[in-house]
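one predicted model, sequence on top.
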Amino acid sequence: MVQVGIGNKLRFTVRFNHQGAAFSGAKIRCSIGQKLFDVVVFDEILWAESPSLSFPNDSTPRTYEQIVDVFITSAISPGSFYEAEVKLTGIPGGDLFWRGPTNDIEIIAGGAQAVFSDLRVGYSRV
């Protein structure tokens, strides 16, 4: 489970394979929302989309990686649980979908938190 607050970002690292002819125009859409009607419908509440992606001619399968950050706003309710959905869109043959586990994202109250860690100090005689 991931906990995020208003003002935080949820980072998606998306990997997929491409093989074949060069292609332009694909996009990755990452969203946070809730599954409705027994997973048939996904209600997107917050989302972000990658810029248009282009791929060269790949004669063998090649793995690509794209990072998409979704900014957490007050459009989503603290204290509630949500799911993630990722779509690779604008590709031949129809979109590819991935859905995360149910209730895997918790929106916590209090918003962005400052985090400090790993203080290191050196000293010597001068």
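In hand now; what should we look at?

what is the burial count for M1?
M1 sits with 8 neighbouring residues when counted by other C-beta atoms under 10 Å. Backbone N, C-alpha and C define where each C-beta goes, glycine included.

where's the closest residue in space to I105 that isn't next to it in sequence relative to K35, distance?
In this structure, I105 finds its nearest non-sequential neighbour in Y82, 4.5 Å apart by C-beta to C-beta, 6 or more residues apart in numbering. Noted for Y82: a distance of 9 Å to K35, by C-beta to C-beta, to the nearest Å.

who's more crowded, the two?
Neighbours were counted for Y82 and for K35 using other C-beta under 10 Å; Y82 has more, 24 against 17.

can I get the CA coordinates of the one helix or strand that one maps to in CSV?
Applying DSSP states H and E as the criterion places Y82 in strand 81-89. Extracted as CSV, the C-alpha positions of strand 81-89 are listed here (Å, rounded to 0.1, in the frame of the first residue of the first chain):
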residue,chain,number,x,y,z
PHE,A,81,-8.7,4.2,-0.4
TYR,A,82,-8.2,4.2,-4.2
GLU,A,83,-6.7,2.2,-7.0
ALA,A,84,-4.4,2.9,-9.9
GLU,A,85,-5.0,2.4,-13.6
VAL,A,86,-2.4,2.8,-16.4
LYS,A,87,-3.2,2.8,-20.1
LEU,A,88,-0.8,2.8,-23.1
THR,A,89,-3.0,4.6,-25.7
